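Engineer: After the sequence you'll find the predicted model.
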Amino acid sequence: MTDKSRIIVILLAYNAAATLEKFYRDFPKQLVDQIILLDDASKDDTFKIAQKLGIVSYQNKINLGYGGNLKKAIVIALMKGGEIIIDIHPDGEYKPNAISQSIQKVKEGAELVLGNRFYNSNYILRKSGMNKWKLIPIKILNLFDKLILGTNINDFHQGFRVYTKNLFEKINFEENSNNYLFSFEIIAQAIFQKVKISQVAVQTRYTGKKRGASLKNSIIYSIGTFKILVLFILAKTGQKIKIFQKPKKDLRSRIAEFFKEKFVSDA
């Protein structure tokens, strides 16, 4: 990556009408080349607000799920020449103050940059807004993930990511889940393919009653991560696991196929 690498922000939006305008007004636009929004068939005015703000926006006819929408966003960003792709939620839960450091990490050789909410115990306990009942389970889950995946990553399950074109050339991201498991699968894939991963401190501002995923969704997601860990172990023993195999075609061909098969019918 060079100082002239094209930087694109992808905003995955679902019913984000209440937070989108403030998020966009506060976003450090001078750090990036373009911002695009993927509205996943929201039931509110998310898409209209995005258009009013002048954001390049796409709206799915049907809800594709977090992973399905993210795949589409990645493909669009790559088609637009993105070399550094910043994935941050427009619901305002993650502050954009980690973007500058993340870009620097990429320029220093990182191919995937992950936010780390646990860089400061006092902040996460007192200022982040995270429900206290979530803290210990997340910590335990992170510890288990570190042990199985053999890495020093401290926060596998957060919503601030910086991807690179180099990363997508090495992993089968198209084969990942269409739900929230996508975000964990891509980390496991990167580790399996020995991609260089860096971390940056990221601040959160969870608000309202929900404050992130519900207990039910958190349990379903956590169970899913154990399945991915089992597949990771099997792949390490030499078994052919689709998501952990190296892509058989170059990135340009894969993007073209994805666009033809998925984008036109879903958009």
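Structural biologist: Structure received. Residues are numbered from 1 along each chain as shown.
Engineer: which stretches of the protein aren't confidently modelled?
Structural biologist: By pLDDT under 70, the low-scoring segments of the chain are 1-4, 122-133, 207-214, 262-267.
Engineer: count of residues packed around residue 143?
Structural biologist: 11 (other Cβ atoms under 10 Å). Glycine gets a C-beta too; all of them are placed from N, C-alpha and C.
Engineer: That one in helix, strand or coil?
Structural biologist: Following DSSP: H, G, I helix; E, B strand; the rest coil, residue 143 is assigned to helix.
Engineer: Could you tell me how far it is located from residue 156?
Structural biologist: 10 Å (Cβ to Cβ, to the nearest Å).
Engineer: next one: residue 19
Structural biologist: Residue 19 is 25 Å from residue 156, by Cβ to Cβ.
Engineer: and what of residue 105?
Structural biologist: Where residue 156 is concerned, residue 105 sits at a distance of 17 Å (Cβ to Cβ).
Engineer: likewise residue 232?
Structural biologist: The value you get for residue 232 to residue 156, if Cβ to Cβ is used, is 12 Å.
Engineer: Also residue 249?
Structural biologist: 29 Å.
Engineer: for residue 246, same thing?
Structural biologist: 22 Å.
Engineer: Shouldn't residue 36 be within a helix?
Structural biologist: No - read with three-state DSSP, residue 36 is strand and lies in no helix.
Engineer: In the chain, what residue spans correspond to strands?
Structural biologist: 7-13, 34-39, 56-59, 84-87, 112-116, 161-164, 197-201 (DSSP state E).
Engineer: need the ones you listed in TSV with mean neighbour count and distance to residue 191, can you?
Structural biologist: What follows is the strands of the chain, written out as TSV (neighbours: other Cβ atoms under 10 Å; distance: least, Cβ to Cβ, whole Å):
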stretch	mean neighbour count	distance to residue 191
strand 7-13	24	22
strand 34-39	22	26
strand 56-59	17	31
strand 84-87	24	18
strand 112-116	24	9
strand 161-164	24	14
strand 197-201	19	7
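Engineer: State the distance from residue 5 to residue 167.
Structural biologist: 13 Å.
Engineer: what about these two, which has more around it?
Structural biologist: Legend: neighbour count by other Cβ under 10 Å for residue 5 and residue 167, higher for residue 167 (24 against 16).
Engineer: and the closest residue to that one other than its chain neighbours, what does it touch?
Structural biologist: In this structure, residue 167 finds its nearest non-sequential neighbour in residue 111, 4.5 Å apart by Cβ to Cβ, 6 or more residues apart in numbering. Shown in contact with residue 111 (Cβ atoms under 8 Å, 6 or more residues apart in numbering): 164, 166-167, 170, 190, 195-197.
Engineer: distance between stretch 94-101 and the chain's centre?
Structural biologist: Its chain's C-alpha centre and that of stretch 94-101 lie 14 Å apart, by Cα atoms, centre = their mean, to the nearest Å.
Engineer: got it, and stretch 43-54?
Structural biologist: The answer for stretch 43-54 is 22 Å, by Cα atoms, centre = their mean.
Engineer: biggest helix in this protein by residues?
Structural biologist: With secondary structure taken from DSSP state H, the chain has its longest helix at helix 215-236.
Engineer: got the buried residues for that one?
Structural biologist: With burial defined by 16 or more other Cβ atoms under 10 Å, the residues of helix 215-236 counted as buried are 218, 221-222, 224-225, 228-229, 231-232, 235.
Engineer: Okay then, goodbye and thanks.
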